[in-house]
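Peer 1: Model the following, please.
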Amino acid sequence: MREHREHAPLSRRDFLGRTSAAVVGGGAAIGALSAGAKAMAEAAQLDKTAVVKRRLGRTDFQMSHIAAAWDWSEFLLPDAVALGINYLHKINWLPHVPPPLAKLDRAAWYCDATIDTFDEQGILDQFENALKALGLEYIDAMKLHSIYSSVEDVKTRTGVFKAFETLKKQGKVRHLATAQHGKDAAAICVACIESGSFDHIQPAMSVVMTPEQLNLLEVARKHDVGVITKKTLHAAAMVKREADGLNQQQRQRREELRQALEPNLGAETKIGAAVIKTMLKLPGVTAVTPLTQNYEQLNDNLANGGLQLARREETLVETIKAACADMCVYCGECHHACPQGIPISNVLRYAAYNTLYAEPRRAKAQYAQLPAAHRVSACQDCGGCEKACPLQVPVRAKLRHAHSLLA
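Peer 2: Down below sits the predicted model:
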């Protein structure tokens, strides 16, 4: 059986060797990187087809089909940029612009800064502080990071738009965006799109999707609003990770899934790439922000050979979808059904940080911030969440397991 080495990630040498083995017609164009990274990238002749540029909706920016994020390790970024990855999510969470990007022409890469307040002056202060700390003249997008709690917020929280227009007139920002998960996430994203103010969105989406999420993509396509998905590889991550947080039943199920996937895995058939290509076939989706913590994951996510899905990849994804049909997709449809006001999809997302991201401190800290009355211990076991779930997820069992991990 194929070995899954989540705790023994690829070295730079292994990664570059595997990537260069898939070269079709010469090496990739290498940007201005640090000397060591540039030498390795040139020696490896990185595959031109590993990263594909796609139009980010009405921004017209040609972005890489994979977006990097603030939590990517610094040792990954030189080679990621060499491959052509040119979007950085949450740049304001970093102490400085990563050197591989700083050395490129500013128009060649795109970044967003996340905002966590509706207050007009608070937004201006956050943005000005980010520009000053990073030494940038402008940031491409101001992104509201899951701060809307209802559709009504989009209509009434006007300080956001006033602050954005001020910054845009000053040449300090160009586009408005939002990232959303949790309660009413799809409906809130649709409201943002239909407001006419947002240029791209970042919803949590995987290959297992709800009707509301599919409708959201169609609305985005009609309005030419770019879509960059997040939490995209959670279903696939269950297959690949040796996670301490899994119970015996989950471990057995994961092993069965691995065995089912095995016939379709090979040097040119990778789980991450297959899932990403599947997402990019959906109307309106421009790119994904996949979980990427080491070279093993980066290599698995790269689309050597372009974005066309091979038959083996299609089979691979269908197997994952069937096996993960009861996996939470963080749509938030269950929140209204809970009489205790437990933010169910948020709790399950925290559990994913613990299990799939291997970040138990972050997961437990976020769970601890919930008021005691809104933690899983307050659950009355009424079952309303399961009746509301569009995917028939066994929510109560998952919540109890999440609480055992996080409390």
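
Peer 1: can you tell me how far R174 sits from Q126?
Peer 2: Remark: distance between R174 and Q126 (Cβ to Cβ, to the nearest Å) = 17 Å. Glycine gets a C-beta too; all of them are placed from N, C-alpha and C.

Peer 1: before we move on, what about A113?
Peer 2: Using Cβ to Cβ, we find A113 at a distance of 8 Å from Q126.

Peer 1: higher neighbour count, R174 and Q126?
Peer 2: Neighbour count, other Cβ atoms under 10 Å: between R174 and Q126, Q126 has more, with 19 against 16.

Peer 1: and the more buried one, what does it touch?
Peer 2: Applying Cβ atoms under 8 Å, 6 or more residues apart in numbering to Q126 gives the contacts 92, 113, 115-117.

Peer 1: Local confidence estimate at it?
Peer 2: Note on Q126: pLDDT of 94.

Peer 1: now R251
Peer 2: R251 carries a pLDDT score of 70 in this model.

Peer 1: Which of the three states applies to it?
Peer 2: Assigned by DSSP: H, G, I helix; E, B strand; the rest coil, the conformation of R251 is helix.

Peer 1: residues near it, how many?
Peer 2: By the criterion of other Cβ under 10 Å, R251 has 12 neighbours.

Peer 1: now do Y110
Peer 2: For Y110, the tally of surrounding residues (other Cβ under 10 Å) stands at 25.

Peer 1: so how far is Q213 from it?
Peer 2: Here Y110 is placed at a distance of 24 Å from Q213 (Cβ to Cβ).

Peer 1: Mind checking what helix or strand follows the helix or strand of the chain with the lowest mean pLDDT in sequence?
Peer 2: Ranked by mean pLDDT, DSSP states H and E, the weakest helix or strand in the chain is helix 35-44, scoring a mean of 44. Counting by DSSP states H and E, the next helix or strand C-terminal to helix 35-44 is strand 53-55.

Peer 1: That following strand: which residues count as buried?
Peer 2: R54 (16 or more other Cβ atoms under 10 Å).

Peer 1: Spell out which strands sit alongside that strand in the sheet and which way each one runs.
Peer 2: Applying DSSP bridges, strand 53-55 is found paired with strand 62-64 (antiparallel).

Peer 1: tell me the mean pLDDT over the partner strand?
Peer 2: 97.

Peer 1: Output the contacting helices and strands for the helix or strand following it.
Peer 2: Using DSSP H and E, the helix or strand that follows strand 62-64 in sequence is strand 68-69. Packing partners of strand 68-69 (3 or more Cβ pairs under 8 Å, 6 or more residues apart in numbering; DSSP states H and E): strand 87-89.

Peer 1: tell me the average confidence for whichever helix or strand comes after the strand it packs on?
Peer 2: Sequence-wise, the next helix or strand downstream of strand 87-89 (DSSP H and E) is helix 99-102. For helix 99-102, mean pLDDT rounds to 92.

Peer 1: How far away from the center of its chain is helix 99-102?
Peer 2: Relative to the chain's own centre, helix 99-102 is displaced by 22 Å; criterion: Cα atoms, centre = their mean, to the nearest Å.

Peer 1: and if you look at stretch 319-327?
Peer 2: Centroid separation for stretch 319-327 versus its chain: 19 Å, with Cα atoms, centre = their mean.

Peer 1: Run through the residues that contact the nearest residue to A372 once chain neighbours are set aside.
Peer 2: The spatial neighbour of A372 that comes closest, neighbours along the chain excluded (Cβ to Cβ, 6 or more residues apart in numbering), is A378 at 7.3 Å. Going by Cβ under 8 Å, 6+ apart, A378 touches 340, 342, 372.

Peer 1: how about the helices of the stretch 201-350 of the chain, start to end?
Peer 2: Counting by DSSP state H, counting those that start in this stretch, one finds helices in the stretch 201-350 of the chain at the ranges 211-222, 234-240, 248-261, 271-280, 295-301, 311-323, 344-355.

Peer 1: How about the stretch 51-200 of the chain?
Peer 2: Under DSSP H, counting those that start in this stretch, the stretch 51-200 of the chain gives helices at 77-83, 99-102, 120-134, 151-156, 159-169, 185-194.

Peer 1: about what we covered before: write the PyMOL selection for whichever of the contacts of A378 are buried.
Peer 2: Provided next is the PyMOL selection string for whichever of these are buried by 16+ other Cβ under 10 Å:
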select buried, resi 342
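
Peer 1: just the contacts of A378 now: which is nearest G305?
Peer 2: Set against G305, the nearest of the contacts of A378 by Cβ to Cβ is I342 (44.4 Å).

Peer 1: circling back: with distance to A102 as extra columns, can I get the helices of the stretch 201-350 of the chain in a markdown table?
Peer 2: Below are the helices of the stretch 201-350 of the chain laid out as a markdown table (distance: least, Cβ to Cβ, whole Å):
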| stretch | distance to A102 |
| --- | --- |
| helix 211-222 | 31 |
| helix 234-240 | 31 |
| helix 248-261 | 40 |
| helix 271-280 | 27 |
| helix 295-301 | 21 |
| helix 311-323 | 36 |
| helix 344-355 | 29 |
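
Peer 1: Compare the mean pLDDT across these and name the weakest.
Peer 2: Mean pLDDT per stretch puts helix 234-240 lowest among the helices of the stretch 201-350 of the chain, at a mean of 64.

Peer 1: Nearest to Q308 among the helices of the stretch 51-200 of the chain would be which one?
Peer 2: Between the helices of the stretch 51-200 of the chain, helix 77-83 lies closest to Q308; by Cβ to Cβ that is 18.3 Å.

Peer 1: how about A186, what does it touch?
Peer 2: 203, 210, 212-213, 215-216, 331-332 are the contacts of A186 under Cβ under 8 Å, 6+ apart.

Peer 1: For these, name the two members farthest from one another.
Peer 2: Spatially, the most separated pair among the contacts of A186 is N215 and G332, at 14.5 Å (Cβ to Cβ).

Peer 1: Which residue of those two possesses the greater neighbour count?
Peer 2: Using other Cβ under 10 Å as the criterion, N215 and G332 rank with G332 on top: 25 against 13.
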